[in-house]
Structures are given as structure tokens and as C-alpha cells.
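A.B. asks: Predicted coordinates and the sequence they were generated for:
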Amino acid sequence: MSDMLGHIAEFVARIWEADTRIRDGSSLGESELERNGRRTVAWIFGSTIFILVVGMLFFAWR
């Protein structure tokens, strides 16, 4: 079970890193405020998905 969680965490980290690189490269004309706002929304969305996955694993294990 912990091996599977490790793989999921690694997969999510790779997606997050690739997304950050793409967004940083494509946002040359944006202000810092717009960039920070987008990152905040992405962080909240990612955290929500993480909480849902952990909750599903908890109920599946229970």
C-alpha cells in the first residue's frame, strides 16, 4: 500500500513540476500578481484532489 502511495506521490510531483515549467515559460507578459493568483488557484485545486485521494484510500482501506 505504501509503495503505491509513493508512486502516486511521485507521479503527482512530476505533473506539478512539468505544469509549473510550462506555465512559467508561457507567462512572460504577465504581472507577478496574476502569476501568484494562478499559482494559488492551482495549489488549492491540487490540495483538494490530494485530500479526496487520501479520503478515498482511507475509506477503501477501512
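C.D. replies: Good, I have the coordinates.
A.B. asks: Count the residues that sit near residue 53.
C.D. replies: 14 (other C-beta atoms under 10 Å). Just so you know, the C-beta spots here come from the backbone N, C-alpha and C atoms, and that holds for glycine as well.
A.B. asks: Please state the offset of the helix or strand containing it from the chain centre?
C.D. replies: Assigned by DSSP states H and E, residue 53 falls within helix 32-61. How far helix 32-61 lies from its chain's middle: 6 Å, per C-alpha atoms, centre = their mean, to the nearest Å.
A.B. asks: what about the protein, any weak spots by pLDDT?
C.D. replies: 1-2, 25-30 (pLDDT under 70).
A.B. asks: Once you drop chain neighbours, what's closest to the residue nearest the centre of it?
C.D. replies: In the chain, the residue lying closest to the centroid (C-alpha atoms, centre = their mean) is residue 46, at 3.8 Å. Nearest non-adjacent residue to residue 46, counting by C-beta to C-beta, 6 or more residues apart in numbering: residue 16, 6.7 Å away.
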